[in-house]
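> Return a 3D structure for these sequence lines:
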Amino acid sequence: MENVAAPKSNQTKRSLPKKKIVLPIAIAIAIIIVIIACVLASAGFASLMFNKATLSDAEPEFEKPALSDAERFSSEYLLIDDDNIFVYKDAQQTIDILTSGTGIVFLGFPTCPWCQAYVVLLQGAAKQMGAKEIFYHDIFDDRTDSSDAYQRLVEIKESHLLLDDDGNPRIYVPDVTFVKDGEIVGHDNETCTMSDMDPSDYWTLSKVDALQERLRGMIKLIQ
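Numbers count the residues shown, from 1 in each chain. Down below sits the predicted model:
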């Protein structure tokens with residue numbers, strides 16, 4: 001009887017070839033790379049579409065509506081409400097009114113405290129007389145620069161103006177002119193050189209009454 005050797009318990013197992021191990025790993029890595037790339041591409045596309053949607057869905061910005069002349073004047077002259085009759089005019093428009101138009105022309109600027117007080121009294125008299133508008137020109141820049149327009153305004157109003165320290169006619173404010181068909185029929189600049197007191201101290205009831213009576217008389221001349 002043939003003797004058969006029993007198999008050894010620690011017999012070395014046969015190992016798999018290296019090619020069979022490397023190939024699945026490479027495939028797995030490639031699949032992972034493709035998946036990552038797809039995820040990143042999808043995220044980028046989603047972000048692009050979101051930004052595009054956000055831009056298209058955003059409400060367009062609209063400019064705020066411009067203030068009316070009355071609202072603008074009220075914002076600059078703090079004692080006047082927005083139910084006022086002041087109408088803004090540039091320098092050339094003011095010149096045109098003074099030389100060929102009819103109306104009330106007020107010259108001043110907001111940083112002048114005497115102008116702040118005067119416009120209340122002027123409008124009060126104008127409304128009492130049924131006036132529909134008071135033409136207003138902020139003369140500060142023109143006067144500071146001594147512009148051609150300012151020189152023309154001085155020329156037109158020269159006979160009604162005070163002189164400066166050099167003896168030249170100057171438009172001091174507040175200044176109001178009443179013109180009819182290009183002819184100046186009235187003018188007032190009562191407080192244009194006041195600087196040593198507060199307007200509220202100057203404008204007593206008697207002075208207010210006297211000014212408004214005088215203003216009403218000049219308004220009547222242009223109606």
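> When you work out contacts or count neighbours from here on, use the C-alpha atoms and nothing else.
Fine.
> Now do the most centrally placed residue in the chain against I171, distance only.
Nearest to the mean C-alpha position of the chain, counting by Cα atoms, centre = their mean, stands A66 at 8.1 Å. Using Cα to Cα, to the nearest Å, A66 is found at 30 Å from I171.
> ok, now how distant is the residue nearest to the centre of the chain from Q151?
Noted for A66: a distance of 31 Å to Q151, by Cα to Cα.
> Please apply the same query to R170.
9 Å.
> When these two are compared, which one has more neighbours?
When neighbours are counted by other Cα atoms under 10 Å, R170 and Q151 differ, and R170 comes out ahead with 20 against 17.
> That one contacts D164, doesn't it?
Yes - under the contact definition of Cα atoms under 8 Å, R170 touches D164, with a separation of 6.0 Å.
> Contacts only, for the closest residue to D175 other than its chain neighbours.
Using Cα to Cα, 6 or more residues apart in numbering and skipping the chain neighbours, the partner closest in space to D175 is N189 (4.7 Å). Listed by Cα atoms under 8 Å, 6 or more residues apart in numbering, the contact set of N189 reads 172-176.
> now for the host helix or strand of I104, which elements pack on it?
Taking DSSP states H and E as the definition, one finds I104 inside strand 103-108. For strand 103-108, the elements it packs on are helix 91-100, strand 134-138, strand 175-180, judged by 3 or more Cα pairs under 8 Å, 6 or more residues apart in numbering; DSSP states H and E.
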